[in-house]
Each structure stands twice: as C-alpha cells, then as structure tokens.
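A.B. asks: Sequence plus predicted model, see below.
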Amino acid sequence: MTLKIYNTMTRTLEEFIPGGVKRDKIEDYAPVSIYSCGPTVYSYAHIGNFRTFVFNDFFRRYLEFRGYKLNQSMNITDVDDKTIAGANRDGVTLGEYTGKYTGIFFEDLKSLNIEEVEHYPRATESIDSMIDILEKINSKGLLYEKEGSLYFSISKYGDYGRLSRVDAREIKSGARYDADEYEKDDVRDFALWKASKKDEPSWETPFGSGRPGWHIECSAMIRKIYNSTIDVHTGGVDLIFPHHENEIAQSEAAYGEKFSRYWIHVEHLLVNGSKMSKSAGNFYTLRDLIEKGFSARSIRFLLLTAHYRKQLNFTLDGLKQAEQALERIDNFIVRLNDVKNFSCENNADSVIENFMESFTDTVDADLNISGGIGVFFDFITKLNSLIDENRLSLNDIDSINSTLELADSVFGFIYMDKQELQVDEEMINALVQERNDAKASKNFARADEIRDTLIDMGIVLEDTKDGTRWKIKK
RNA sequence: GGCGUCGUACCCAAGUGGCUAAGGGGGAGGUCUGCAAAACCUUUAUGCAGCGGUUCGAAUCCGCUCGACGCCUCCA
C-alpha cells in the first residue's frame, strides 16, 4: 500500500511521491519538504486555527510513522495591519507585541501535544529573500509601482488561477475591493510590497522603504529554506484564494519552476453551523475551553476525529463525547497493566498484526485518521476480550504496550496529559485493604462505609475477579 | 450572481461500485459482585436527504429537487 493524498491543485487523489521521483523504499526519499501556513500573531489563536495545526501535526507524525524523513516549516506572520495596529494600541514595539503572542502560540501548541517542526521562520527575518523576489519579478516586467506600493501584474503574467480555478474575469467583476487599493492597474493585482505610512515599521529595499505584503512572506521563506520546489504546502481552505494563488504566481514568476508538488487544505471548524472566525466573534480559544474544565487532550482528540477535508461542527457536547471516548482508552490501559493471570501462550500477535495492517491501509487513503481511530477502538475491544478470557501472556502485554506507543506516535492523545496522581496512594491502598478484610469477615457495613469515604475523596473502586483496584473519578 | 463542498442511526463520525454499512457517545441486555458502583462483553441503520437514471450490482456513478456550509473581502 502507498500513501495517497488529495491534491487541491489537481482535485484528485494522488500517490504521494516526494521529490517527484518514485523510489523503491520509503527510506530512500530525501526528507519531505513541507511548508505549513502558520498564524498571524496578533492575538490568541482559536481552536479553528488549531484544527489546521493539529492536522499538520498528525500529517507529520504519520509520515514519520511510515518511515519518511521530514523537513517542515511553519511561518510566523509578525508584521501586517493587525499586528501593527495592536502594537500601536498597546504602546509597544512591533517586536514586543508579536513576541508576546508568538510565545502564547507556542505554549498552546505544546498544550495540544503538537511536535516541533524543523523551522519557524518569521516574516520580519525574511526581508532579504523578499527583496530577491521583488527584483526577479521586476526583471520579468511583472512588477509595477503605484504611490510607493509594489504590485504584481496578473494580466501580464497570464497563468493565473490554476489552484482555485477562479476565472480571472470573474474576480474582476465579482470582487469587492479595498478603497486603499484602487490605485492598482487592475483590481485582480495584489500588493507585493506596501508603502510605509507614518507610525508603521518599514524596511529599506532598492524600490524604496516599506513593508511586506501578505503573500510574499511565504514565497520568500520557502525560497530561503528550500531553494526549490517543495513537496507539500498546507493550510486552511480559506487560503486557497487569494493567498496561495498569489504565492504560486509570484514564486513561479520569479523562479520559473513549480512552487509545490502537493497542496493540502484543511476544511473549516464550524460553530453553530458557520465558520469559526475572529471577525465573526464566534470562537473559542484553547484557554477558554480549558477554563471550562475541558482538557487539551480531548480537544486534540475531537479535532482529529473528523476527516480533514470535511467541515467539523464544534460543540461542547462533542467535546464531552471526546472525553468519554478517551476514558475508554484509559480504562483499557489500566486493565491491560493490571492483568494478573498470564497465559503461557502468546495470543495477541495476530490481533496486533491485523491492527497495524488495517490502520496503515486506512490512513494511507488520504490521511483518513477517523477511520484509523475506528480501527484502534476495534483493536481495544478485541484485546479487552482476551483480557477477560485470561489469554494474554507477559510477552503479549509487552508487545501491546509497544504497539500502543507506536500508535500514539501518530495519535498523540493516548499518553497525553498523563498527570501525576494528586492523592495519597498509601492511604488509599490501606483503606482498600481494610475494606477487603471487612468484606472477608462479612462486615459489609464497614466495607460500604470505606467505599463511601473513598468516593467522597474522588476515588472509585473497581472490584474485579482478581481483586480490587481504584482510579480517580473523572 | 460565479465557483466549490457536504447531507450516513438519538448525537458525533468512517466508508465513495460488489462479503452481514467501521468506530465513539447514548440507550438496552448480560458478565462480575455480599449489594452496588466501576469496568468489560453483546446489542442497537433491510438502510445511507428526496425522486429518477446508468449497471448483473450503488450510500458510492449521472441528472433533477430540497437543505446546509465554504470561497469570491482580513482569515487556519
């Protein structure tokens, strides 16, 4: 089986071939170059934003699981209208302002158990590469200046709109455009570089001072880090047009080679049936939800349960269901490591093998992690039955634990949030022992009293045929 | 208006031409237990928005209808 990915550019499912040349073994591929559009650091990111970032993380983890090496980047947009306005409002420098929100963003990524990628380029640190693009585009005659701003001429470029499949003429008639930009030759044209206004930070270029347009940073960073065609470009569907379309135009115009082989776009997170967005005000931040008592773990799980190309309607009820689903996993792990009667034979091998095979087959089909999670729960049910039947050997338990770790290298939610017990284990064990003694001497009143005491402490007892165990009540 | 996506059980959600339509939550039964609880197991859609068509065969392809959402404007 091979990994297949839906490519927005071709609108088809394509075999994933990094570098464009098929190799015999996955290990033979050069590290997969991935560029993921990151946040603009002007305030807290919301969980709609994090849907995309959690997906990026899963994509990365799955490639690693399949044996690919990685070279991934996620940009931090640290200069734009909103960051400049925010810094001015707060009376701090742009760097102080974006530094604060960049820090918060990285904390949130960590809370969601998102792995670090290789590069986190900043727009403000990529100005030299932007200038290179401006010069290349200028030398091709596709750049023009109006009132100190530099624009890309789509009509002269010609080859525009392949990704979004928008008819260029329709853009012209349908677009509502910014009053600021009516100086453009053609409404379709986009700003590569913006003239500096007073109270705005600016950078010197051969074309005069100013600041980056939105689209150019991604093109610049990609060139700087990878220097040629990248394998995958990811982002939210709202970036297809105009952001990614413009990136393609300016990069391919400047360097004359394909910009990205694969385009992956993550659908929106909805809330009450419509897109979660800052401007609509209908958003939750990660911190909002944690304050309500939900775990980052359940948020990660929920964001992963729907396929990335389908809209996901976010509800608090859905989050509760996610927490309960995770409890099933946790309970399984407790039972597994509590097995006392070991079988002499290994009986889990085929179950593990079947799981690994169908997990890979399922997820290989356009990163279908929803299906992969289903396969995983199926795996748990089968193993629970083996536990019930006392058919697991010590060896089996080891192999199952290794399999769980491997699965978690993709999921990232199995062992997430393994918190330290905040309770006095010795005392609880003593009480459990006393209760068992009371039960043995048929002193059920005392036994029930101890049970109630523990429940009041938030400890739930589980009497099993092999003895009593306890857990912290959720 | 242009372009596009989606509509699967009470809720969430896979499956996109061919075994009995995954999985999770919830419900119902059962196992265990002194009784419980917790946990586990089993079960829960003759049907996939509606209608028509193609096919030996369709949730899956095509057409129409209804409904929802997205992009076309800052946006993950």
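C.D. replies: Noted; the coordinates are in hand. Numbering: from 1, shown residues only, chains lettered A, B, ... in the order given.
A.B. asks: so what's the residue in the stretch 201-350 of chain A positioned nearest to RNA strand B bridging to?
C.D. replies: Distances between the stretch 201-350 of chain A and RNA strand B by Cβ to the nearest atom of the strand are smallest at residue A:236, namely 2.0 Å. Just so you know, the C-beta spots here come from the backbone N, C-alpha and C atoms, and that holds for glycine as well. With DSSP bridges applied, residue A:236 shows beta-bridge pairing to residue A:266.
A.B. asks: if I pick it, what's in contact with it?
C.D. replies: Counting by Cβ atoms under 8 Å, 6 or more residues apart in numbering, residue A:236 touches A:37, A:49, A:52, A:265-268.
A.B. asks: export those residues to JSON lines and tack on pLDDT and neighbour count?
C.D. replies: Formatted as JSON lines, those follow (pLDDT from 0 to 100; neighbours: other Cβ atoms under 10 Å):
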{"residue": "A:37", "pLDDT": "97", "neighbour count": "23"}
{"residue": "A:49", "pLDDT": "97", "neighbour count": "23"}
{"residue": "A:52", "pLDDT": "98", "neighbour count": "28"}
{"residue": "A:265", "pLDDT": "97", "neighbour count": "22"}
{"residue": "A:266", "pLDDT": "98", "neighbour count": "26"}
{"residue": "A:267", "pLDDT": "97", "neighbour count": "19"}
{"residue": "A:268", "pLDDT": "97", "neighbour count": "19"}
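A.B. asks: Report the separation between the most centrally placed residue in chain A and RNA strand B.
C.D. replies: In chain A, the centroid-proximal residue (Cα atoms, centre = their mean) is residue A:54; its distance is 1.7 Å. Separation of residue A:54 from RNA strand B (Cβ to the nearest atom of the strand, to the nearest Å): 10 Å.
A.B. asks: Please verify my assumption that that residue contacts residue A:303.
C.D. replies: Yes. Taking Cβ atoms under 8 Å as the definition, residue A:54 is a contact partner of residue A:303 at 4.6 Å.
A.B. asks: Worst mean pLDDT across the helices and strands of chain A, which element?
C.D. replies: Across the helices and strands of chain A, mean pLDDT, DSSP states H and E gives its lowest value to helix A:168-174, namely a mean of 48.
A.B. asks: need the next SSE after that one, C-terminal direction.
C.D. replies: Next in sequence after helix A:168-174, counting helices and strands by DSSP states H and E, comes strand A:190-195.
A.B. asks: Are the next helix or strand after that following strand and RNA strand B in contact anywhere?
C.D. replies: Where DSSP H and E defines the elements, the next helix or strand beyond strand A:190-195 is strand A:210-212. No. Using Cβ under 7 Å from any atom of the strand, strand A:210-212 stays clear of RNA strand B, with a minimum separation of 11.3 Å.
A.B. asks: Tell me the helix or strand right after strand A:210-212.
C.D. replies: The C-terminal neighbour of strand A:210-212 among helices and strands, as given by DSSP H and E, is helix A:216-226.
A.B. asks: name the helices or strands packed onto that next one?
C.D. replies: strand A:32-36, strand A:70-74, helix A:127-139, helix A:245-255 (3 or more Cβ pairs under 8 Å, 6 or more residues apart in numbering; DSSP states H and E).
A.B. asks: Now for residue A:89, how many residues are close by?
C.D. replies: Neighbour count of residue A:89, defined by other Cβ atoms under 10 Å: 9.
A.B. asks: actually residue A:424, not the one I typed
C.D. replies: 11.
A.B. asks: Quickly note the distance from it to residue A:430.
C.D. replies: 9 Å (Cβ to Cβ, to the nearest Å).
A.B. asks: Equivalent analysis for residue A:290, please.
C.D. replies: 34 Å.
A.B. asks: Can you show me the helices along the stretch 251-400 of chain A?
C.D. replies: For the stretch 251-400 of chain A, helices defined by DSSP state H, counting those that start in this stretch occupy the ranges A:286-291, A:296-305, A:316-336, A:349-364, A:369-388, A:394-411.
A.B. asks: Of the ones you listed, give the one that comes closest to residue A:272.
C.D. replies: Closest approach to residue A:272 among the helices of the stretch 251-400 of chain A is made by helix A:316-336 (11.4 Å; Cβ to Cβ).
A.B. asks: Using CSV, list the CA coordinates for the closest one.
C.D. replies: The C-alpha trace of helix A:316-336 is given here as CSV (Å, rounded to 0.1, in the frame of the first residue of the first chain):
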residue,chain,number,x,y,z
LEU,A,316,-19.3,21.4,23.8
ASP,A,317,-21.3,18.2,23.7
GLY,A,318,-18.9,16.8,21.1
LEU,A,319,-16.0,17.7,23.4
LYS,A,320,-17.7,15.7,26.2
GLN,A,321,-18.1,12.7,23.9
ALA,A,322,-14.4,13.0,23.1
GLU,A,323,-13.5,12.9,26.8
GLN,A,324,-15.6,9.8,27.3
ALA,A,325,-14.0,8.1,24.3
LEU,A,326,-10.6,8.8,25.8
GLU,A,327,-11.7,7.3,29.0
ARG,A,328,-12.3,4.0,27.2
ILE,A,329,-8.7,4.1,26.1
ASP,A,330,-7.5,4.9,29.6
ASN,A,331,-9.6,2.2,31.2
PHE,A,332,-8.2,-0.3,28.7
ILE,A,333,-4.6,0.7,29.6
VAL,A,334,-5.4,0.2,33.3
ARG,A,335,-6.9,-3.2,32.7
LEU,A,336,-4.0,-4.2,30.5
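A.B. asks: by contact count, what packs against it?
C.D. replies: Right, helix A:316-336 is packed against helix A:296-305, helix A:369-388, helix A:394-411 by 3+ Cβ pairs under 8 Å, 6+ apart.
A.B. asks: With mean neighbour count and distance to residue A:141 as extra columns, can I get the ones you listed in JSON lines?
C.D. replies: Converted to JSON lines, the helices and strands packed on helix A:316-336 look like this (neighbours: other Cβ atoms under 10 Å; distance: least, Cβ to Cβ, whole Å):
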{"stretch": "helix A:296-305", "mean neighbour count": "23", "distance to residue A:141": "45"}
{"stretch": "helix A:369-388", "mean neighbour count": "18", "distance to residue A:141": "46"}
{"stretch": "helix A:394-411", "mean neighbour count": "18", "distance to residue A:141": "48"}
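A.B. asks: Which one, of these, ends up nearest to RNA strand B?
C.D. replies: It's helix A:369-388; of the helices and strands packed on helix A:316-336, that one is closest to RNA strand B (Cβ to the nearest atom of the strand) at 2.3 Å.
A.B. asks: And RNA strand B, is that closest one touching that?
C.D. replies: Yes. Using Cβ under 7 Å from any atom of the strand, helix A:369-388 reaches RNA strand B at A:370-371, A:373-375, A:377-378, A:380-381, A:384-385, A:387-388.
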